[in-house]
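In: return atomic coordinates for the entry below.
(2 chains)
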Protein chains: 2
Amino acid sequence: MPQKGIITLPRSVSIISAASVGGVEESKGPLGGSFDVVDAGGDDKFGAETWEAAEGEMQRRALATAIGQALLTEHDIDAVFAGDLQNQCVGSNYGLLDFDIPYFGLYGACSTCAEALILASAYASGMSSGPTAAVSSSHNCAAERQFRYPVEYGGQRAPTSQWTVTGAGAFILSTETEPTGFPKIVDFLPGRSVDRGINDLNNMGAAMAPAAIDTLKRYLDASGRTPDSFDMILTGDLGVEGSRILRDFMPSAASVHEDCGLLIYDTAATDKHAGGSGCGCSASVLASVILPRMGLTKKNVPPPDGGRLCDILFLATGALMSPASVWQGNNIPGICHLVHIVAGGGEADE
Amino acid sequence: MPQKGIITLPRSVSIISAASVGGVEESKGPLGGSFDVVDAGGDDKFGAETWEAAEGEMQRRALATAIGQALLTEHDIDAVFAGDLQNQCVGSNYGLLDFDIPYFGLYGACSTCAEALILASAYASGMSSGPTAAVSSSHNCAAERQFRYPVEYGGQRAPTSQWTVTGAGAFILSTETEPTGFPKIVDFLPGRSVDRGINDLNNMGAAMAPAAIDTLKRYLDASGRTPDSFDMILTGDLGVEGSRILRDFMPSAASVHEDCGLLIYDTAATDKHAGGSGCGCSASVLASVILPRMGLTKKNVPPPDGGRLCDILFLATGALMSPASVWQGNNIPGICHLVHIVAGGGEADE
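Out: Numbers count the residues shown, from 1 in each chain, chains lettered A, B, ... in the order given. Okay, here's the model as predicted:
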């Protein structure tokens, strides 16, 4: 069967700004000092009246912060690509309503951050447009009551279950490459849906890992590169279970593999079971501590720990199910979109 | 404030194939003879066990038919852009799972058909990719029980309410323009969210009309063209209420305005209140009776009534709400994406 190829952007796209938002639990975690915005109220409401509206407010603050850091205004942005986990994506719909920016709503479950980066970079590069934006988010309490139980119910969680991150990330992408110090998206590989028969709502890592393996293998085959030729292979939210599956099937990737769902919490000490998940997990980790190690400087936030990263693969995975679809007896298909990012000032080894 | 401009595709994109699927009520309507696929079982289940799975099956058949009519296989398609109204877009997620095609999930409510056409054409044109596909659908019974009440409940409907179409449409887009007889997407204008304070779940036409007016006015201003210079200005599902608002505010457009929600049913005679709605409304109408009047020929389906259309604007509108967001006191923002389509063999007057 013909290989669905890696897509190289006709003009490379710089990530000229990125902003992260973190909730209470996320602020207490190892990345807590690196978020651009945290909830001053300490209740994950971000000043809103409902969890759902709080998620919209997180997206609003993430995009406003990212636009401001890029020294732009909303009128400079030609399109925003956004999504979240709420039914009908209302986190994005309402959160970004105040911006006078053409709006493309996306649904890629937890893969939405990478889906948005792909489409925003393809649009900026291919349509010769001005800067574009990619935004995604999740909120623990909004997700819990929609997908499982209201948090007030206090239901016991399975050991394989993950903790939906209360977080958001926004990215501004531009083909105007002066100055050249910004991280660049050079190519990408869109994911295809993969169904391996997983139907356990409490084990999303297992449902998503086969998609991550499928996309990563296709990328390595098509590029002719080995995992250790990258500084990092960063998955979005495979967590403990999914990361173990990925490393079991692709042991050559284990030494450079990191997972946003394992980076964001002190998982064992804070009862997060199999780690973080959600559209906001990969988005907030990429924006807070990964891109600053690739040449993106931030005001008001200290540089994160860790050495410089020159060449990474960012793979965000999603589980393409709804509660109703699982109750009706369907499996949980996964999808994984891959974005290849290189540090500013240098190109990837090809 | 700077005008967000019309985006002209760097290479024009042909719609080389389009397939429509219609349910029982749609088959009885004025367009009934023009659908490529109808439900042989006569119960809107399309052989599936649930309404939700039936919608997936409709997407599957729409895309399979469109690919077949284009004399391609799934392996020739570089990406599919798809969406529907179900929570987490599971109609698309499961319906397209069988295809080995990179998948981008979209949520634009009832505007998804135009959003998908924009992104699929931008991707094919800008990324120099092979053919791409755009698919969208809705199912009356799946939508009713998710957004309102199960149909078995027999709730009385408001006079301003619309009837969610059981239908789907799939389109194959290609930059390879030989032969040149196919309709072409030449440019587009993405929509921005518009909130005019409408909060009546039973009057989507009123919620969406301001977005249609916003996008259409911006397009006419930027292009310098008048409404009567187009053969048709086709909105997606404004229905009786929304169409009246559009024509009241833009009387110059009234003579060329048509609405898919008014074309698909014999509205008054069949108790459809304010007309059809849903992602599947605009998609099935465009694929069944509009594109064949623009140079797209179909096997097995007779040519539709009506003269040749050379130059049309297709505007699909969506209401960016969820039931929960309205219960929580939010307004219903609308959005409208515009696609400019010209007939094969001729270019639009500029």
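In: you'd agree residue A:135 is in a strand?
Out: Yes: applying DSSP: H, G, I helix; E, B strand; the rest coil, one finds residue A:135 inside a strand.
In: that one: how many residues sit nearby?
Out: 34 (other C-beta atoms under 10 Å in any protein chain shown). From N, CA and C alone the C-beta is placed, and that goes for glycine too.
In: contact partners for it?
Out: A:59, A:62-63, A:80-82, A:92, A:95-96, A:116, A:168-171, A:283 (C-beta atoms under 8 Å, 6 or more residues apart in numbering or on different chains).
In: recalculate using a threshold of 7 Å.
Out: Counting by C-beta atoms under 7 Å, 6 or more residues apart in numbering or on different chains, residue A:135 makes contact with A:59, A:62, A:63, A:80, A:82, A:92, A:96, A:116, A:170.
In: which one of these sits closest to residue B:319?
Out: Lowest distance from residue B:319 to the contacts of residue A:135 (C-beta to C-beta) belongs to residue A:92, with 14.4 Å.
In: thought that closest one was touching residue A:81?
Out: No: counting by C-beta atoms under 7 Å, residue A:92 does not reach residue A:81; the two are 9.4 Å apart.
In: for the two, work out which one has more neighbours and name it.
Out: Shown here are residue A:92 and residue A:81; by other C-beta under 10 Å, residue A:92 has more neighbours (35 against 29).
In: what helix or strand does that one sit in?
Out: Using DSSP states H and E, residue A:92 sits within helix A:90-95.
In: quick check: next helix or strand after that helix?
Out: That would be, after helix A:90-95 and using DSSP H and E, strand A:103-105.
In: give me the helices and strands touching that next one, please.
Out: strand A:79-83 (3 or more C-beta pairs under 7 Å, 6 or more residues apart in numbering or on different chains; DSSP states H and E).
In: mean confidence score for the strand it packs on?
Out: Across strand A:79-83, the average pLDDT comes to 98.
In: can you pull the pLDDT of whatever residue of the stretch 101-250 of chain A ends up closest to chain B?
Out: Nearest to chain B in the stretch 101-250 of chain A, going by C-beta to the nearest C-beta, is residue A:126, at a distance of 1.6 Å. We have a pLDDT of 95 for residue A:126.
In: cool, and residue A:131?
Out: At residue A:131, the pLDDT recorded in the model is 96.
In: again, but for residue A:12
Out: Note for residue A:12: predicted pLDDT of 88.
In: ok, now residue A:171?
Out: 98.
In: let's verify it: helix, strand, or coil?
Out: strand.
In: bridged to it, which residues?
Out: residue A:18, residue A:134 (DSSP bridges).
In: quick check: it touching residue A:16?
Out: No: using C-beta under 7 Å, residue A:171 makes no contact with residue A:16, being 8.8 Å away.
In: would you list the contacts of residue A:135 in TSV and tack on distance to residue B:53?
Out: TSV is the format used below for the contacts of residue A:135 (distance: C-beta to C-beta, whole Å):
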residue	distance to residue B:53
A:59	32
A:62	36
A:63	36
A:80	33
A:82	28
A:92	27
A:96	32
A:116	28
A:170	36
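In: ok, the nearest residue to residue A:33 once chain neighbours are set aside - how many residues close by?
Out: Among residues not flanking residue A:33 along the chain, residue A:302 sits closest, at 6.6 Å (C-beta to C-beta, 6 or more residues apart in numbering or on different chains). Residue A:302: 9 surrounding residues under other C-beta under 10 Å.
In: tell me the buried residues in stretch A:190-199?
Out: Buried residues in stretch A:190-199, counted by 16 or more other C-beta atoms under 10 Å in any protein chain shown: A:190, A:191, A:192, A:193, A:194, A:195, A:196, A:198.
In: OK, contacts around the fourth one?
Out: To tie it back to what came earlier, the one meant is residue A:193. Here residue A:193 is in contact with A:320, A:333, A:335, B:93, B:97, B:103 (C-beta under 7 Å, 6+ apart).
In: which one among those residues gets closest to residue B:71?
Out: The closest of those, once distances to residue B:71 are taken by C-beta to C-beta, is residue B:103, at 22.4 Å.
In: so what's the closest one bridging to?
Out: residue B:80.
In: those strands in the stretch 251-350 of chain A, which residues are they?
Out: Secondary structure of the stretch 251-350 of chain A (DSSP state E, counting those that start in this stretch): strands located at A:257-259, A:276-277, A:311-319, A:334-342.
In: alpha carbons only: can I get the helix or strand hosting residue A:242 in CSV?
Out: Counting by DSSP H and E, the element that carries residue A:242 is helix A:239-249. What follows is helix A:239-249, C-alpha atoms only, in CSV (Å, rounded to 0.1, in the frame of the first residue of the first chain):
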residue,chain,number,x,y,z
GLY,A,239,0.7,8.2,30.5
VAL,A,240,2.1,5.2,32.4
GLU,A,241,0.2,2.6,30.5
GLY,A,242,0.5,3.9,27.0
SER,A,243,4.2,4.9,27.4
ARG,A,244,5.0,1.3,28.5
ILE,A,245,3.2,-0.1,25.5
LEU,A,246,5.1,2.3,23.2
ARG,A,247,8.5,1.5,24.7
ASP,A,248,7.7,-2.2,24.6
PHE,A,249,6.9,-2.2,20.9
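In: ok, residue A:32 - how many residues close by?
Out: 15.
In: quick check: it vs residue A:270, distance?
Out: 12 Å (C-beta to C-beta, to the nearest Å).
In: relative to residue B:219, which of the buried residues of stretch A:190-199 is nearest.
Out: Closest approach between the buried residues of stretch A:190-199 and residue B:219, by C-beta to C-beta: residue A:190, at 29.5 Å.
In: the closest one contacts residue A:119, correct?
Out: No: the pair residue A:190 / residue A:119 is not scored as a contact, 9.2 Å apart, by C-beta under 7 Å.
In: which residues do those two both contact?
Out: Common neighbours of residue A:190 and residue A:119, counting by C-beta under 7 Å, 6+ apart, are residue B:104.
In: up against chain B, what does the stretch 151-300 of chain A have?
Out: Residues of the stretch 151-300 of chain A lying close to chain B by C-beta under 7 Å from any C-beta of the partner chain are A:190, A:191, A:192, A:193, A:195.
In: shouldn't residue A:57 be in contact with residue A:47?
Out: Yes: between residue A:57 and residue A:47 there is a contact at 6.4 Å, judged by C-beta under 7 Å.
In: quick one: which of the two has more around it?
Out: Counted by other C-beta under 10 Å, residue A:57 and residue A:47 do not tie: residue A:57 has more neighbours, with 23 against 12.
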